[in-house]
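Trainee: turn this into a structure:
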Amino acid sequence: MNTTQLAQWREAAHACLDRGELQQAEQWFQRVLDAVPDDVEALQMLASCDVARGELGSALARLQAALRIQTDDAGILQQLGTVQMAAADFPEAAKTLRKALRQAPDLFVARLRLGLALEQLNQPHDALTAYFGALRTAQNQGRWISDATTAPGLREAVKHAMRYVDAGRLAWFRRVLEPLQQRYGAVEMHRVEHCLDVYLGEQSIEMPDPRQRPKFLYFPGIPSQPYYLRERFPWHDALEDATSWMREELRGVLAQRQGLEAFLGAPPPGQQAMLQSSGPEPAAWDAYFFCRHGEHYDEHTAACPRTAALLDSLPLTRVRGHAPETLFSVLSPGTHILPHTGVTNVRLVTHLPLIVPPHCALRVGGATHIWKEGRCVTFDDTFEHEAWNRSSETRVVLILDSWNPDLTEVECVAVTELIEAIGDFNAASSE
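Mentor: This is a model prediction of the structure:
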């Protein structure tokens, strides 16, 4: 086949599509397919024309042929799954759409259609996580936030998914808390229930302090304050007593520079970087993790055994997949960590300053704290906070997280189960 003529036919087909001349475009694509029977683009476009005429069998045959040519192509799989949905073949549609999402997890329309298929198959939990994943992925990309950001043909399906998610998540997480309600009683669990309602948007709440903006989970009914008195944390004494030998283990880390990693990744599109430099060197905030998101760093434990053992003995926040987070935080000369807020007020952050040159400070909720080596400071990082090193030397503090002491033991247990359930739910919505 003359490749020049083939290109001309394809160009003519696209020009017709651009003008909305679908019948003429179909004729040009048919010419392409007659000349090249394994042309995937022509198969897909002609399948779309078949669907428009209600000829679903022909569309399915074309797309299956395309898939034999380009196995595991996410675009073909998504189109095939959509046609299978139109043919009411929900088991095959679910199978095909799952395969598409394994290749391209961000295909939020495919995930929405997967939810519709699973709902038809009477698989409510799987439908719920599919709908939630579709909505979350789309909205993270600025889509499906309003009618204006939603394609007209999808609006009713998106609104249905939103209603399904609102009802389903509430019921799901209430079931998680039900055994705790039975064990501890409604009074002990009242604030946890309120916390869940705020998280799910069932209740609105006015923050007691406008400087406090948790990104994930707000626990109502406890005092809002940027800094906490050290008397609330009896274990600070053990940390402070360890300053000298902990600093020696730290110096071994700094001497080899192995195991240090950037604390932050690249900022998401449209967001400014969180670091700024006031000196000639680039800003850098590095971390030597002992534990991150609840996962231990065994090599670092072996390199700093006394520090790791002490951290393991402390009453830290322990939530599967989330906490504790313990590390040496290394701030390079001239680096400014710009104002930001943390995720939840159920846990607090403690710093044990180990190496602090002059002109270094922490500011939480507008109140500046000057670190003193060997002296702990604990704060609520859901208040806007920032830190800087305006010296020509490196600053290092040990960072760890612990439960907010204004929570009861029962509330700590309940919040742990709730956060783990939220994590499991969110993970399932991405599968």
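Trainee: residue ranges in the stretch 151-300 of the chain under the pLDDT threshold?
Mentor: By pLDDT under 70, the weakly predicted segments of the stretch 151-300 of the chain are 266-272.
Trainee: helices along that one, start to end?
Mentor: With helices called from DSSP state H, counting those that start in this stretch, the stretch 151-300 of the chain shows them at 155-184, 186-200, 236-241, 243-256, 298-303.
Trainee: what does stretch 182-189 rub up against?
Mentor: With contact meaning C-beta atoms under 8 Å, 6 or more residues apart in numbering, stretch 182-189 is reached by 177, 180, 181, 408, 410, 411, 414. For glycine as for every other residue, the C-beta is placed from the backbone atoms N, C-alpha and C.
Trainee: now the end-to-end length of that stretch.
Mentor: 10 Å (C-alpha to C-alpha, to the nearest Å).
Trainee: thought residue 286 was touching residue 262, still the case?
Mentor: Yes: using C-beta atoms under 8 Å, residue 262 makes contact with residue 286 at a distance of 6.1 Å.
Trainee: more neighbours: which of the two?
Mentor: Shown here are residue 262 and residue 286; by other C-beta atoms under 10 Å, residue 286 has more neighbours (21 against 11).
Trainee: who touches the more buried one in this structure?
Mentor: Contacts of residue 286 by C-beta under 8 Å, 6+ apart are 260, 261, 262, 263, 329, 330, 332.
Trainee: what's the most distant pair in these?
Mentor: Using C-beta to C-beta, those span at most 13.5 Å, a distance reached by 261 and 332.
Trainee: which one's more surrounded, the two?
Mentor: Set side by side, residue 261 and residue 332 show more neighbours around residue 332, with 18 against 12, by other C-beta under 10 Å.
Trainee: ok, for that one, nearest residue in space, not its chain neighbours?
Mentor: residue 284 (3.9 Å; C-beta to C-beta, 6 or more residues apart in numbering).
Trainee: what's the neighbour count on the one you found?
Mentor: 19.
Trainee: ok, now which ones touch it?
Mentor: 262, 275, 330, 331, 332, 335.
Trainee: which one of the residues you listed is nearest residue 384?
Mentor: Distances from residue 384 to these, taken by C-beta to C-beta, are shortest for residue 275, at 16.1 Å.
Trainee: which residues does the closest one contact?
Mentor: If you count contacts by C-beta under 8 Å, 6+ apart, then residue 275 has 264, 283, 284, 285, 335, 336, 337, 338 around it.
Trainee: ok, 10 Å please
Mentor: 262-264, 267, 282-285, 331-332, 335-338 (C-beta atoms under 10 Å, 6 or more residues apart in numbering).
Trainee: what do you get for residue 2?
Mentor: 8, 35.
Trainee: quick check, pLDDT for the nearest residue to residue 249 once chain neighbours are set aside.
Mentor: The shortest distance from residue 249 to any non-neighbouring residue, by C-beta to C-beta, 6+ apart, is to residue 304 (4.1 Å). We have a pLDDT of 96 for residue 304.
Trainee: gap between residue 304 and residue 164?
Mentor: For residue 304, the distance to residue 164 (C-beta to C-beta, to the nearest Å) stands at 49 Å.
Trainee: next: residue 347.
Mentor: Residue 347 is 32 Å from residue 164, by C-beta to C-beta.
Trainee: so who does residue 260 touch?
Mentor: Contacts for residue 260 (C-beta under 10 Å, 6+ apart) come out as 253, 254, 284, 286, 287, 288, 289, 327, 328, 330.
Trainee: dihedrals phi and psi, it?
Mentor: Note on residue 260: backbone dihedrals following degrees, to the nearest 10 are phi -80, psi 140.
Trainee: what about it, distance to residue 95?
Mentor: Counting by C-beta to C-beta, the gap from residue 260 to residue 95 is 45 Å.
Trainee: same thing with residue 315?
Mentor: Residue 315 sits 48 Å away from residue 95, going by C-beta to C-beta.
Trainee: just residue 53 next, same as before
Mentor: Residue 53 sits 26 Å away from residue 95, going by C-beta to C-beta.
Trainee: between these two, which is the more surrounded one?
Mentor: Each of residue 53 and residue 95 has its neighbours counted (other C-beta under 10 Å); residue 95 has more, 15 against 10.
Trainee: do you know how far that one is from residue 77?
Mentor: Taken as C-beta to C-beta, the span from residue 95 to residue 77 is 10 Å.
Trainee: repeat for residue 94
Mentor: Distance from residue 94 to residue 77, by C-beta to C-beta: 12 Å.
Trainee: so how many other residues sit close to the closest residue to residue 70 other than its chain neighbours?
Mentor: If the residues on either side of it in the chain are set aside, residue 70 comes closest to residue 40, at 5.5 Å by C-beta to C-beta, 6+ apart. Residue 40: 20 surrounding residues under other C-beta under 10 Å.
Trainee: pull the contacting residues for residue 40.
Mentor: Counted by C-beta under 10 Å, 6+ apart, residue 40 has contacts 33, 62, 63, 65, 66, 67, 68, 69, 70, 73, 75, 76.
Trainee: and if you look at residue 322?
Mentor: Contacts of residue 322 by C-beta under 10 Å, 6+ apart are 216, 292-294, 343-344, 347, 401, 416, 419-420, 422-423.
Trainee: PyMOL command for the buried members of these?
Mentor: To isolate the buried members of those in PyMOL, using 16 or more other C-beta atoms under 10 Å:
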select buried, resi 292+294+344+347+401+416+419+420+422+423
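Trainee: which of the contacts of residue 322 fall in strands?
Mentor: Taking DSSP state E as the definition of strands, these contribute 292, 347, 401.
Trainee: please report the distance of the nearest residue to residue 417 once chain neighbours are set aside from residue 128.
Mentor: Spatially, and ignoring its direct neighbours in sequence, residue 417 is nearest to residue 176 (6.1 Å; C-beta to C-beta, 6+ apart). With distances taken as C-beta to C-beta, residue 176 is found 14 Å from residue 128.
Trainee: what's the burial count for residue 397?
Mentor: Quick note: residue 397 (other C-beta under 10 Å) scores 23 neighbours.
Trainee: that should have said residue 346, apologies.
Mentor: Count around residue 346 with other C-beta under 10 Å applied: 29.
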